[in-house]
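**Q** sequence plus predicted model, see below.
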Amino acid sequence: MKRALSILLLLALFLSACCVSTAEEEGAEGTVAIYSSMYPFVLEMLDQAIHEKFPGLIPGGENGSFFIYDGSTALIKRIEDGMKTGVLECDMMLVAEPSLSIEMKEKNYLAPVEIPGITDLLRFPCDEKGYWYPVRVCNMVLAYNPELEADWNGKGITIPRTFQQFAADRSLKGLISMGDPMTSGTTFASVAALTSRYGRQFLKGLGQNMVRIEKASSAMERIQEGSCAVAMILEETVLKTLKDAEDAGQPLTNLACIYPEDGAVLIPSTVMTVADAHSANHNTASCAALEKWFLTGEAQAIIMEGFMHSVLREQKEGPWHSMETDSLAERMMSVDWDNTYRYRSELNNAWLDIVYFNSSVSSR
């Protein structure tokens, strides 16, 4: 009931405040294809809403969808391949974090979309000229098995309550897990944030703790079975696993999130419209209307149903079973996204040298 009321409140507050006009919705026409790395079930919900809201639009994605889905690294590779010819196979992008948007803007691949008054509604920064806006917020957390915490304590192992302890506590050697920043945009952003806070000592700690590099699904399985003590993982992945189990009538008690005490790593993922000169369908006018819709309460409610946080300032609560977004935002670790873009290669090389090649238990 609380969840339903939260969504209804979000709709009431923002649908009129930043909704595209009926004229814009009805006037949007032509083909639109959108790159996105969001969960397919979220894209299905967004797809249905776009079909209903924009009847004149034609899906230019895969299998009758507006979306072209893939992992963030795979989509970035497709973007790079398209840039070799000057034309991308999409018209919009909902992928990765702001550093990619800064790069795409600098290389003149984006079209600005003006949304008057939107900065007053957003809790996260956007491009001042409208080349990109935050559209969803991913939250990096630690995951563990509450049922086994006493057993770990009996072995002299303390489940960390901070990101710093995750890398610095040597009793966790061989017992921690995380994704690969070379293939995951959100993991890369998290490593950027944590190295900004703790320096390369954070990377050295991961290497010395022999962090295992693996997919989230594998990490959660090992946490539940007891071969992994704790993993750095996206909150949305854990929450979806817990919700699916609860909906199936088999609630899990051997998996939970830890919201680290040393700060929140929030990754705002952006929405961008590709300039006509570089887009698949040369339809920036319709993309602009659609981009505005992504920042309405209606679209943000779907984002929250996907276990991600809303970018709208007035939406206080987080997704199902999460912390309040405002509470997380108040202690968010700052990230210089421009610096992250400029030094991406340097950070990747540091990861390889300090962590990846020194981690004997990494799954390669």
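**A** That came through fine. Please read all numbers here as calculations on a predicted model, not as lab measurements.

**Q** what is the least confident helix or strand in this structure?
**A** In the chain, no helix or strand scores lower on mean pLDDT, DSSP states H and E than helix 2-14, which sits at a mean of 46.

**Q** using CSV, list the CA coordinates for stretch 209-221.
**A** These are the backbone C-alpha positions of stretch 209-221, laid out as CSV (Å, rounded to 0.1, in the frame of the first residue of the first chain):
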residue,chain,number,x,y,z
ASN,A,209,42.1,-8.9,-0.8
MET,A,210,42.1,-11.0,-4.0
VAL,A,211,38.7,-9.7,-5.0
ARG,A,212,36.8,-12.1,-7.3
ILE,A,213,35.6,-10.4,-10.6
GLU,A,214,32.3,-12.0,-11.6
LYS,A,215,28.7,-11.4,-12.6
ALA,A,216,26.2,-10.3,-10.0
SER,A,217,24.2,-13.5,-10.3
SER,A,218,27.2,-15.6,-9.5
ALA,A,219,28.2,-13.4,-6.6
MET,A,220,24.7,-13.7,-5.1
GLU,A,221,24.7,-17.4,-5.4
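
**Q** could you list the buried residues of that stretch?
**A** Applying a neighbour-count criterion of 16 or more other Cβ atoms under 10 Å, one finds 209, 210, 211, 212, 213, 214, 215, 216, 219, 220 buried in stretch 209-221. Every residue, glycine included, has its C-beta placed from N, CA and C.

**Q** for that stretch, give the mean pLDDT please.
**A** Here stretch 209-221 scores 96 as its mean pLDDT.

**Q** stretch 61-69 too?
**A** Averaged across stretch 61-69, pLDDT comes to 96.

**Q** end-to-end on it?
**A** Taking Cα to Cα, to the nearest Å, stretch 61-69 runs 8 Å from one end to the other.

**Q** what do you get for stretch 264-283?
**A** Stretch 264-283: ends 38 Å apart by Cα to Cα.

**Q** also stretch 258-277?
**A** 46 Å.

**Q** one step back: mind putting the buried residues of stretch 209-221 into JSON lines with secondary structure and distance to residue 264?
**A** As requested, these are arranged in JSON lines below (DSSP: H, G, I helix; E, B strand; the rest coil; distance: Cβ to Cβ, whole Å):
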{"residue": "209", "secondary structure": "coil", "distance to residue 264": "22"}
{"residue": "210", "secondary structure": "coil", "distance to residue 264": "26"}
{"residue": "211", "secondary structure": "coil", "distance to residue 264": "21"}
{"residue": "212", "secondary structure": "strand", "distance to residue 264": "24"}
{"residue": "213", "secondary structure": "strand", "distance to residue 264": "23"}
{"residue": "214", "secondary structure": "coil", "distance to residue 264": "23"}
{"residue": "215", "secondary structure": "coil", "distance to residue 264": "23"}
{"residue": "216", "secondary structure": "helix", "distance to residue 264": "18"}
{"residue": "219", "secondary structure": "helix", "distance to residue 264": "20"}
{"residue": "220", "secondary structure": "helix", "distance to residue 264": "21"}
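
**Q** closest to residue 196 among those?
**A** residue 211 (18.6 Å; Cβ to Cβ).

**Q** ok, now which ones touch the nearest residue to that closest one once chain neighbours are set aside?
**A** Spatially, and ignoring its direct neighbours in sequence, residue 211 is nearest to residue 176 (5.1 Å; Cβ to Cβ, 6 or more residues apart in numbering). Applying Cβ atoms under 8 Å, 6 or more residues apart in numbering to residue 176 gives the contacts 166, 206, 209, 210, 211, 212, 228, 229, 230, 231, 232.

**Q** which element is residue 129 on?
**A** Using DSSP states H and E, residue 129 sits within no helix or strand.

**Q** okay, now it: neighbour count?
**A** By other Cβ atoms under 10 Å, 11 other residues sit near residue 129.

**Q** so what's it up against?
**A** Contacts of residue 129 by Cβ under 8 Å, 6+ apart are residue 112.

**Q** could you rerun that using 10 Å?
**A** 105, 110, 112, 113, 114 (Cβ atoms under 10 Å, 6 or more residues apart in numbering).
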